[in-house]
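Trainee: Kindly generate the corresponding structure for this input.
(one chain, ligands or ions: 1)
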Amino acid sequence: MSEHIPTTELTLVTGANGYIGQHVVKALRDQGTPVKAAVRPGVSPKEAELLKEWGAEVVELDLLNHAQVQKEVEDVTYVVHLVGSINKPQNEDFMTMHEGRTRSLIKALQQTKPKKIIFVSALGASFRSDSQYQVSKWEAEEVIRKSFLPYVILRSSLVIGHEAGTRDSKLITKMSDTVDNSSFIPVISRVDGKLQPVFIGDLTRLVCESLSHEQLQRQTIEVGGPDQVTPFDLMEIIAEVKGIKKQRKVIPFFFVHLGVSLMEKFSSTPKMTLEQLNMMRFDNIVRFPNMENYFDFKLKTIREALGYLKEPSKA
Ligand SMILES: NC(=O)c1ccc[n+]([C@@H]2O[C@H](COP(=O)([O-])OP(=O)(O)OC[C@H]3O[C@@H](n4cnc5c(N)ncnc54)[C@H](OP(=O)(O)O)[C@@H]3O)[C@@H](O)[C@H]2O)c1
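Mentor: Numbers count the residues shown, from 1 in each chain. All right, here's what the predicted structure looks like:
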């Protein structure tokens, strides 16, 4: 295992104002790496300001605008590509969001030949998946793999925890609100797929170390933490960490399915989509463990990662 020597060369981070983006920019800056933080035009001024406070150069970049992308990648040596979301974009499809933007970025990088590209993809990414999210992540991965540029793809499970910045995991925030406001822990029947959540600090470390890891080249790494849990186990752990005791109550799948279908039909920003509901029915865990071949640190458990949710009076 090689010692981690932080890079001192300019690193472009796309999706820099996002939950993972903010943590990555902060970690890179903390280790002394110069960062160009690319954000979507119209970014929240508060998030742009924070990135600047950490010492990053902030650029507004539309990844589909090729001339603009070409100009912004000219001086960068490394790239961390994070733009994307599990939530269906409002004015485009998943394929444009993930594959389209990645293709545009890679086309520009073909001219400048960066030393390495780190792409945070999603566990379960596959052309065979029923989920458009996972298919589009696979297609984005393929654009990178076929570019012949040096890359590391980190296929991450659900990311949890909070160490810096304005954002948190949207799923954990929703679950935490449910734990606070519901009289029981809702369990959906027939939904028992397992997740393998990974601590944000651990994912950030994997990103930073992958950049300068000499033996780690052209690899796709599956990233999951030490625990495998259903979403309802996760909610129970949140309750436990917060010191709240609640019983589980089973809700028939049919009712949830109906509710989510209606939400999808009538809301432009549904809290859950049928695709997400369906994804929760199947295990999404590490199948080909290869992380240990390149990294030798111990990843945090869910309870350790969520310790920050503990209410001060109960700490
Ligand atoms: N969080 C997880 O559990 C998890 C797990 C596996 C993989 N990932 C992947 O990791 C990446 C970062 O996730 P995150 O949790 O940091 O999400 P996030 O907080 O929603 O941040 C996503 C970033 O991508 C930008 N973005 C989203 N949709 C866009 C679009 N259509 N056009 C241009 N920019 C867009 C966002 O810009 P705005 O802020 O302006 O919307 C933001 O900068 C994503 O690719 C996600 O698929 C996340």
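
Trainee: Counting neighbours, what do you get for residue 48?
Mentor: 18 (other CB atoms under 10 Å). Glycine gets a C-beta too; all of them are placed from N, C-alpha and C.

Trainee: Which stretches in this structure count as strands?
Mentor: 11-14, 35-39, 57-60, 78-81, 116-122, 151-156, 159-160, 185-188, 198-199, 219-223, 248-251 (DSSP state E).

Trainee: Make TSV out of those strands and add mean neighbour count.
Mentor: Conversion of the strands of the chain to TSV gives the following (neighbours: other CB atoms under 10 Å):
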stretch	mean neighbour count
strand 11-14	28
strand 35-39	26
strand 57-60	15
strand 78-81	26
strand 116-122	24
strand 151-156	24
strand 159-160	24
strand 185-188	18
strand 198-199	25
strand 219-223	20
strand 248-251	12
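
Trainee: Rebuild the ones you listed as JSON lines, extending it with mean pLDDT.
Mentor: Shown next, in JSON lines, are these (pLDDT from 0 to 100):
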{"stretch": "strand 11-14", "mean pLDDT": "98"}
{"stretch": "strand 35-39", "mean pLDDT": "98"}
{"stretch": "strand 57-60", "mean pLDDT": "98"}
{"stretch": "strand 78-81", "mean pLDDT": "98"}
{"stretch": "strand 116-122", "mean pLDDT": "98"}
{"stretch": "strand 151-156", "mean pLDDT": "98"}
{"stretch": "strand 159-160", "mean pLDDT": "98"}
{"stretch": "strand 185-188", "mean pLDDT": "94"}
{"stretch": "strand 198-199", "mean pLDDT": "98"}
{"stretch": "strand 219-223", "mean pLDDT": "97"}
{"stretch": "strand 248-251", "mean pLDDT": "94"}
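
Trainee: Would you mind putting these into CSV with distance to the ligand alongside?
Mentor: Conversion of the strands of the chain to CSV gives the following (distance: least, CB to the nearest ligand atom, whole Å):
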stretch, distance to the ligand
strand 11-14, 7
strand 35-39, 6
strand 57-60, 10
strand 78-81, 8
strand 116-122, 4
strand 151-156, 4
strand 159-160, 4
strand 185-188, 20
strand 198-199, 8
strand 219-223, 8
strand 248-251, 24
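
Trainee: Of all those, which one comes closest to residue 87?
Mentor: Taking CB to CB, strand 116-122 is the member of those nearest to residue 87, at 12.6 Å.

Trainee: Strand partners (parallel or antiparallel) of that closest one?
Mentor: strand 78-81 (parallel), strand 151-156 (parallel) (DSSP bridges).

Trainee: can I get the ones you listed in TSV with distance to residue 257?
Mentor: Formatted as TSV, these follow (distance: least, CB to CB, whole Å):
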stretch	distance to residue 257
strand 78-81	34
strand 151-156	27
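
Trainee: hang on, the earlier thing: what would the strands of the chain look like in TSV with distance to residue 71?
Mentor: Putting these into TSV (distance: least, CB to CB, whole Å) gives the following:
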stretch	distance to residue 71
strand 11-14	12
strand 35-39	12
strand 57-60	9
strand 78-81	15
strand 116-122	18
strand 151-156	22
strand 159-160	31
strand 185-188	48
strand 198-199	34
strand 219-223	30
strand 248-251	52
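
Trainee: which stretch among those comes nearest residue 28?
Mentor: Here strand 35-39 is closest among those (CB to CB), at 5.1 Å.

Trainee: could you say what helices and strands that closest one packs with?
Mentor: Counting contacts by 3 or more CB pairs under 8 Å, 6 or more residues apart in numbering; DSSP states H and E, strand 35-39 is packed against strand 11-14, helix 19-30, helix 45-53, strand 57-60.

Trainee: Close to the ligand: what parts of the stretch 151-300 of the chain are there?
Mentor: Applying CB under 6 Å from any ligand atom, we find that the stretch 151-300 of the chain lies next to the ligand at 156, 158-159, 167, 169.

Trainee: Those residues: which two are farthest apart?
Mentor: Most distant of these, by CB to CB, are 156 and 167, 15.7 Å apart.

Trainee: Show me the shaky parts of the stretch 201-315 of the chain.
Mentor: Scanning the stretch 201-315 of the chain with the threshold set as pLDDT under 70 gives 312-315.

Trainee: quick one, helices of the chain?
Mentor: Using DSSP state H, the helices found in the chain span residues 19-30, 45-53, 66-73, 94-95, 101-112, 132-145, 170-181, 200-212, 231-242, 253-266, 274-279, 302-305.

Trainee: Return the nearest residue of the stretch 51-200 of the chain with respect to the ligand.
Mentor: residue 84 (2.5 Å; CB to the nearest ligand atom).

Trainee: Neighbours of that residue, how many?
Mentor: Per other CB under 10 Å, the neighbour tally for residue 84 reads 24.

Trainee: To residue 299, which of the helices and strands packed on strand 35-39 lies closest?
Mentor: Of these, nearest to residue 299 by CB to CB is helix 19-30, at 15.1 Å.
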